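Undergrad: just to be clear, the model below is a prediction. Sequence and coordinates:
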Amino acid sequence: MPAFYLATLTFQLFKTRPSFLVLTSSKVWYNKLGHLGAGVWPSGKAADFGSAIGGSNPPTPAIFLCEVIRLPFREDMGIDLGTANTLVYVRGRGIVINEPSVVAIDTETGTVIQVGLAAKEMIGKTPSNISAIRPLKSGVIADFDIARTMLKYFIGNARKGLPFLKPRVVIGVPIGVTEVERKAIMDAALEAGASKAFLIEEPMAAAIGAGLDVEEPSGNMIVDIGGGTTEIAVISLGSIVTSVSVRIAGDALDEAIVHYIKEEYKLAIGERTAERIKIEIGNVFPLPEYDELETMVVGVDLSTGLPRKIIVQGGEIREALKTNINTLTDSIRNALEQTPPELVTDIVARGIVLTGGGALLKGFDQLISRETGISVVIAEDPLTCVARGAGAALEKLDILNRLSKMNRIK
Ligand SMILES: Nc1ncnc2c1ncn2[C@@H]1O[C@H](COP(=O)(O)OP(=O)(O)OP(=O)(O)O)[C@@H](O)[C@H]1O
Ligand SMILES: [Mg+2]
């Protein structure tokens, strides 16, 4: 018997590499330690958590493989793998990576030249042998290999600690990702050195990051307006009750501005110029102060092929964005219609919460409020909500248990 005991203990130590080990036959301590993050057996809530944090279930109740000491040193991460930006939040250190989701590659050799901001600055300016690629389009991965390279690069850069203290990673993904996409993202995180990878729906992460209590039995509506998708979700009791995902967000607004300038001024501009115009003077609510906004734009005259300068005003950009913005407000109304009345009552009491870069579009909160009759709140630091919320999900046992079950690839 002692030999068997020693063998199973050695095996568990090898498998989980815990920071310390407690031997006890007391059932009370057994459960207490389990809740602190030990791998425990027999299974139950604590056992689920034990396995969720990277431990396993020891074959005898007398053994507790504790992660308690190791936990503070492990750089657990929340990642927002966004169409426009990738953010990495590390527990205890905050947001350590916040870069555009762009990779520049040499098309002849296939080697990666730049990742992130340096690569974004190359968009529209690359020579023929270099291509600046955005691996995510409309919120989904359009180029797996490049997305995997980018994710590995960012996770690697975010890690500072000891190589054997592998982080657990929670990655925000759009609601509708396919099983193949889920597996590809999780594999990329594991290849990049994660001990465990979980995926969380972006609106859920955004809601947690915005400070909403997603686990209470009360309705919260979150609208996350990113670069590729706008995700509208009603959350209650830690789950998404209603959701609507629309492939209209920041990128579509930039395209609408490119189109408007081309039609009205016969001038060609690039997507980065359009994004600048949107951020500087873009607005969606009729207010005199927005009408007065203006900015200078340099483009290429479509008839002469020469550069030409124009001054564009806020009212014009509001007109350019109108069709897309109407689709978004219709989608929000649509989501509300699909929501059970009790939860709508909660939403009316608390207001709709906006996250993502699009939440900063001037007048969007006022417009949604006018169109729905519900007050609207812009989350604090809306661009970082998904990453911060994904990181915080690691501390929420029920959410983590749910993710753990949901993330099991069939
Ligand atoms: N002040 C601003 N006003 C309007 N739009 C803004 C502002 N700041 C950023 N944006 C836009 O927000 C978008 C990026 O937001 P975010 O980082 O939330 O997207 P993402 O998470 O990368 O995309 P997705 O969630 O669709 O995958 C870009 O289109 C950017 O132009
Ligand atoms: Mg996003």
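TA: Nice, I can see it. Please read all numbers here as calculations on a predicted model, not as lab measurements. Ligands and ions are numbered 1, 2, ... in the order given.

Undergrad: can we go C-alpha only for contacts and neighbour counts from here?
TA: Noted.

Undergrad: for the closest residue to ligand 2 within the stretch 101-250 of the chain, give me its contacts.
TA: Of all residues in the stretch 101-250 of the chain, the one sitting closest to ligand 2 is G226 (4.5 Å; CA to the ion). By CA atoms under 8 Å, 6 or more residues apart in numbering, the contact list for G226 reads G82, T83, A84, A249, G250, G356, G357, G358.

Undergrad: now the first one: how far from G139?
TA: For G82, the distance to G139 (CA to CA, to the nearest Å) stands at 7 Å.

Undergrad: is it true that T109 lies in a helix?
TA: No - assignment of T109 by DSSP: H, G, I helix; E, B strand; the rest coil gives coil, placing it outside any helix.

Undergrad: give me the three-state assignment for the residue most central in space within the chain.
TA: The chain has D80 as the residue nearest its centroid, 3.0 Å off, counting by CA atoms, centre = their mean. Under three-state DSSP, the three-state class of D80 is strand.

Undergrad: surely it and V96 touch.
TA: No - using CA atoms under 8 Å, D80 is not in contact with V96; the gap is 12.0 Å.

Undergrad: state the pLDDT value of T126.
TA: On the pLDDT scale, T126 is placed at 77.

Undergrad: with S25 instead?
TA: 52.

Undergrad: and what of I69?
TA: pLDDT, I69: 49.

Undergrad: same question, R159
TA: The model's pLDDT for R159 equals 86.

Undergrad: contacting residues for it?
TA: Contacts of R159 (CA under 8 Å, 6+ apart): E75.

Undergrad: for it, give me phi and psi.
TA: phi -80, psi 130 (degrees, to the nearest 10).

Undergrad: would you double-check that E395 falls in a helix?
TA: No - counting by three-state DSSP, E395 falls outside a helix, being coil.

Undergrad: now do the contacts for the spatially closest residue to A188 that is not a sequence neighbour.
TA: Once flanking residues are discounted, A188 sits nearest to R148: 5.3 Å by CA to CA, 6 or more residues apart in numbering. R148 is in contact with A184, I185, A188, counting by CA under 8 Å, 6+ apart.

Undergrad: can you add distance to ligand 2 and secondary structure and give the residues you listed back as JSON lines?
TA: Converted to JSON lines, the contacts of R148 look like this (distance: CA to the ion, whole Å; DSSP: H, G, I helix; E, B strand; the rest coil):
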{"residue": "A184", "distance to ligand 2": "18", "secondary structure": "helix"}
{"residue": "I185", "distance to ligand 2": "15", "secondary structure": "helix"}
{"residue": "A188", "distance to ligand 2": "19", "secondary structure": "helix"}
